[in-house]
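1. next come a sequence and a model predicted from it.
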Amino acid sequence: MPMNAASPPPGLTSTAQAETLNETARQTPLELRLVLALAGERELNAREQSVVEKLQAERGEGLYADMLYALTHKSFPTKQAKILWAEISTHRAELLKKLGRDPGIPLAAHDYLTNVAGLMKHTGLIEEQKFNLLATTACRDGLTGLYDKTTFTRLLTEELHRQTRSQRPVTLVLADIDHFKRLNDTFGHADGDAVLAKVAELIALAARSTDVCGRFGGEEFAVYLPEVGTEAGARLAERIRASVEQEFAETPYQITISLGVAAGPAGVILEDLVRAADSALYASKHGGRNQFSVATEVVTQV
């Protein structure tokens with residue numbers, strides 16, 4: 001019998017029963033990647049958005065307790081969890097001012113519950129090894145395994161700051177699968193997802209161990225190359241282009257990819273580097289696709 005159709009135990013009204021269930025019920029633990037998204041640390045994809053909307057409808061304010069449980073493996077009553085979540089968010093903002101960087105919701109929660117509220121003295125967050133694994137997974141795109149756009153952008157921003165200090169360049173490669181909408185319309189979204197996952201794998205294989213790969217949105221991917229200029233970016237772009245063409249040459253999909261390369265000197269602004277790479281990508285599309293182009297515009301410096 002569904003939970004909401006059950007009769008209340010003796011001595012409990014339906015309202016009291018609902019409150020009791022809301023305070024104590026523990027569903028499958030909320031994924032850490034969803035907690036980070038709800039805290040504004042990463043973007044939700046379409047599937048995750050649907051999951052979150054369903055959770056919000058089913059759990060209501062109980063979602064606060066779910067989020068804290070995902071971070072701490074400690075159960076809090078719903079009302080207390082809601083108050084704690086607000087206090088943790090405020091504490092996170094205070095840490096941002098003090099540290100000059102966002103500590104993130106996991107660290108802010110740990111610090112507040114342990115050192116401010118004193119609620120975590122005899123318990124802790126998920127074991128470090130497991131937590132690091134979950135944290136890494138939470139920053140990855142669920143389909144491709146590459147960094148999601150929010151994480152990729154944050155990592156690139158941090159890299160640009162480092163390169164400003166070291167006076168070294170950074171190169172960005174943007175890649176977009178050609179005629180991807182036509183593939184989805186012809187073969188269906190399941191095949192489209194399979195192609196996305198394979199292209200992501202090929203990009204990761206083509207990149208150096210020091211390069212950072214991400215899914216930039218839809219059928220668009222991005223790779224940044226620390227401390228190297230245009231030539232290294234062009235070589236990577238050609239490796240990606242050739243591997244994608246070869247991989248799908250004997251398949252019904254006939255997939256190719258277009259790329260744009262932009263190298264920024266030390267001090268380059270993130271938005272200018274992305275804009276330059278995007279302009280080069282557009283030139284590849286306009287020039288017939290299945291090719292890469294190198295940005296010719298001068299990106300500004302701080």
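-> Yep, it's here.

2. which strands and helices lie in contact with the helix or strand encompassing residue 36?
-> If you go by DSSP states H and E, residue 36 is part of helix 32-38. Contacts defined by 3 or more Cβ pairs under 8 Å, 6 or more residues apart in numbering; DSSP states H and E place helix 32-38 against helix 46-59, helix 62-72, helix 105-111, helix 128-138. No exception for glycine: its C-beta is placed from N, CA and C like everyone else's.

3. how about the helices in the stretch 151-300 of the chain?
-> 180-187, 189-206, 230-248, 270-286 (DSSP state H, counting those that start in this stretch).

4. dump those into TSV; add mean neighbour count and mean pLDDT as well.
-> TSV is the format used below for these (neighbours: other Cβ atoms under 10 Å; pLDDT from 0 to 100):
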stretch	mean neighbour count	mean pLDDT
helix 180-187	14	94
helix 189-206	17	95
helix 230-248	19	97
helix 270-286	19	95
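
5. just to revisit the earlier point, tell me the most buried of the helices and strands packed on helix 32-38?
-> Counting by mean count of other Cβ atoms under 10 Å, helix 62-72 has the highest mean neighbour count of the helices and strands packed on helix 32-38, with a mean of 23.

6. C-terminal to that helix, what's the next element?
-> helix 78-99.

7. neighbouring contacts of that following helix?
-> Residues outside helix 78-99 that contact it (Cβ atoms under 8 Å, 6 or more residues apart in numbering): 22-23, 39, 61-62, 64-65, 67-68, 76, 102-105, 107-109, 111-113, 116-117, 119.

8. still on that earlier bit, now render the helices and strands packed on helix 32-38 as CSV, adding mean pLDDT and distance to residue 188.
-> Formatted as CSV, the helices and strands packed on helix 32-38 follow (pLDDT from 0 to 100; distance: least, Cβ to Cβ, whole Å):
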stretch, mean pLDDT, distance to residue 188
helix 46-59, 82, 16
helix 62-72, 86, 33
helix 105-111, 85, 37
helix 128-138, 51, 27
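
9. and of those, who's closest to residue 234?
-> helix 128-138 (30.0 Å; Cβ to Cβ).

10. and the residue nearest the centre of the chain, what does it touch?
-> In the chain, the C-alpha nearest the mean C-alpha coordinate belongs to residue 148, at 3.2 Å (Cα atoms, centre = their mean). Each residue near residue 148 by Cβ under 8 Å, 6+ apart is listed here: 42, 43, 45, 139, 140, 141, 214, 215.

11. now do 7 Å
-> Neighbouring residues of residue 148 by Cβ atoms under 7 Å, 6 or more residues apart in numbering: 42, 43, 139, 140, 141, 214, 215.

12. same check, this time on residue 263
-> Residue 263 neighbours (Cβ under 7 Å, 6+ apart): 169, 171, 229, 230, 233.

13. can you get me a residue count around residue 253?
-> 21 (other Cβ atoms under 10 Å).

14. what does the one 3 residues further on give?
-> The tally of other residues near residue 256 (other Cβ under 10 Å) stands at 16.

15. got the CA positions of stretch 274-283 in CSV?
-> Only the C-alpha atoms of stretch 274-283 are listed here, as CSV (Å, rounded to 0.1, in the frame of the first residue of the first chain):
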residue,chain,number,x,y,z
VAL,A,274,36.4,31.9,-25.1
ARG,A,275,35.2,34.5,-27.6
ALA,A,276,38.3,34.1,-29.7
ALA,A,277,38.1,30.3,-29.7
ASP,A,278,34.4,30.5,-30.5
SER,A,279,35.0,32.8,-33.4
ALA,A,280,37.6,30.3,-34.8
LEU,A,281,35.1,27.5,-34.4
TYR,A,282,32.5,29.5,-36.3
ALA,A,283,35.1,30.0,-39.1
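
16. three-state assignment of residue 103?
-> coil (DSSP: H, G, I helix; E, B strand; the rest coil).

17. distance-wise, check it relative to residue 110.
-> Distance, residue 103 to residue 110, using Cβ to Cβ, to the nearest Å: 9 Å.

18. before we move on, what about residue 275?
-> Relative to residue 110, and taking Cβ to Cβ, residue 275 is found at 38 Å.

19. just residue 93 next, same as before
-> 16 Å.

20. what do you get for residue 249?
-> 51 Å.

21. and if you look at residue 82?
-> 19 Å.
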